[in-house]
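Undergrad: let me see the structure of the following:
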Amino acid sequence: MDALHVLFNAVTVIFIAVTMFAAGLATTLPTLRAVLTDPPLLLLALAANLVIVPLLGWGLAVLFALPVAGLIALVMVASSPGGPFGVKVTMAQKGDMVAGAAMQVLLAAVASLTFGPTVSAVLTAAGVGEGVSLDVAALVRTVAILQLAPFAVGLVIRHYAPSAALSWHPAAGVTSNVTFIVVLAGMLLGSWREIVALLGSRTLLAGLVLAIATFAAGTVLATGPPTRRTTMGGIAAVRNVSPPLAAIGIAFGNDQAVLGALAAVLISGLVTALPVAALLGRDRDDTTG
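TA: Alright, predicted model coming up:
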C-alpha cells in the first residue's frame with residue numbers, strides 16, 4: 001500500500017506539472033497580459049472564489065444540517081480555489097485556455113494565503129473546533145513548484161521557440177490525459193469505501209449542489225464572451241485538494257471521517273464539472289480561446 005501511495009503521489013505530481021506545462025505551451029505573452037490586466041475579470045473572479053463560494057459552502061452545510069465532518073470538509077473545499085484539475089475542465093470544454101490557466105494559477109497562489117484565515121473564521125463562526133493554523137510558506141512553495149513554474153517554462157518556450165512549443169504541445173496533452181485518468185482512478189479506488197458509505201447522504205448531496213452553484217457563480221461573475229465566462233465557471237467549480245489535506249493533517253489529526261467527507265465532496269465536484277464541460281465543448285471547435 002505504501003508503494004501504491006508513493007506511485008499515486010508521483011503520478012499526481014506529473015499530471016499537475018505536465019498539465020500546467022501544456023497550458024503554458026499554448027499561451028502567448030500578449031494574450032496572458034490581456035487577461036492579467038483586466039481588472040473587472042480579476043476582481044469578479046477573486047470575489048466569487050474567495051468570498052461568495054466559501055459563504056455558499058457554509059450556507060449549504062447549515063441548510064443540509066451536515067454532521068461536523070461534512071461541514072468541515074465542505075467549508076474547506078469551498079475555501080480552496082485554484083485546483084489544477086480546473087485546467088483539464090477548460091480543455092474538456094474547449095474553453096479559453098489562456099484565461100483559465102492564468103486564473104487557476106492566480107487563485108491557487110492567492111488562496112495559499114487566504115485558505116487558513118478563511119476556514120478558521122468560518123469554522124469559528126459555526127462553532128466547530130478551534131480554527132485552523134497552516135504553514136502558509138509550504139502552501140505557497142507547493143503552488144510555485146507544481147503549478148506556476150511549469151506554466152512559466154511552457155510560456156517561455158512558446159515565446160522564444162514557438163515552433164518547438166507547437167510540436168511539443170500534442171505530446172504534453174496526451175501525457176496530461178493519460179495521467180489524469182490514472183489520478184482519477186486512484187482517487188476513486190482509494191476512497192471508494194468512504195464514498196460508498198456516503199452514498200445517499202446529505203454530505204454528498206451538498207457537495208453536488210456546491211459544485212453546480214460554484215460553476216454558476218463563476219460563470220455569472222465573469223466578463224467577456226460566453227467561452228470565457230464558462231471557463232471561469234469551470235475553474236471555480238474545481239477546488240484545490242492540497243490545502244484541505246494539509247489542514248486535516250495539522251488541525252484534525254487526519255480524522256478518517258473528515259478525510260472521507262473531503263474525498264466525496266471533491267470527487268462529486270469533479271464528476272459534476274467534467275460532464276458539463278464536455279457538453280459545452282461538443283459544439284465548440286478546437287481553436288476556441
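
Undergrad: quick one: contacts for residue 31?
TA: residue 98 (CB atoms under 8 Å, 6 or more residues apart in numbering). Heads up, the C-betas are built off the backbone N, CA and C, glycines and all.

Undergrad: just the buried residues of stretch 156-175, please?
TA: For stretch 156-175, a neighbour-count test (16 or more other CB atoms under 10 Å) marks 157-158, 165, 168-169, 172-173, 175 as buried.

Undergrad: swap that for stretch 118-129, sorry
TA: 118-123.

Undergrad: and the most centrally placed residue in the chain, which of the three is it?
TA: For the chain, the residue sitting closest to the mean C-alpha position, by CA atoms, centre = their mean, is residue 83 at 1.9 Å. Secondary structure for residue 83, judged by DSSP: H, G, I helix; E, B strand; the rest coil, is coil.

Undergrad: gap between the residue of the chain positioned farthest from its centre and residue 28?
TA: In the chain, residue 163 marks the outermost C-alpha relative to the chain mean, sitting 30.3 Å out by CA atoms, centre = their mean. Per CB to CB, to the nearest Å, residue 163 is found 14 Å from residue 28.

Undergrad: quick one: the helices in the stretch 51-200 of the chain?
TA: 53-63, 68-78, 85-92, 97-125, 136-143, 149-160, 162-190, 192-198 (DSSP state H, counting those that start in this stretch).

Undergrad: please tabulate those helices in CSV, including the columns mean pLDDT.
TA: CSV is the format used below for the helices of the stretch 51-200 of the chain (pLDDT from 0 to 100):
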stretch, mean pLDDT
helix 53-63, 95
helix 68-78, 91
helix 85-92, 86
helix 97-125, 85
helix 136-143, 74
helix 149-160, 91
helix 162-190, 84
helix 192-198, 71
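
Undergrad: so which of those helices comes closest to residue 47?
TA: helix 53-63 (9.6 Å; CB to CB).

Undergrad: tell me the angle of that closest one relative to helix 68-78?
TA: Put simply, helix 53-63 runs at 160 degrees to helix 68-78, going by axes from the mean of the first three to the mean of the last three CA atoms, to 10 degrees.

Undergrad: and helix 53-63, which residues are buried?
TA: 53-54, 56-58, 60-61.

Undergrad: pick out the most distant pair among those residues.
TA: 53 and 61 (12.7 Å).

Undergrad: rewinding a little: need the buried residues of stretch 118-129 in TSV with distance to residue 77, can you?
TA: Shown next, in TSV, are the buried residues of stretch 118-129 (distance: CB to CB, whole Å):
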residue	distance to residue 77
118	12
119	10
120	15
121	16
122	12
123	13
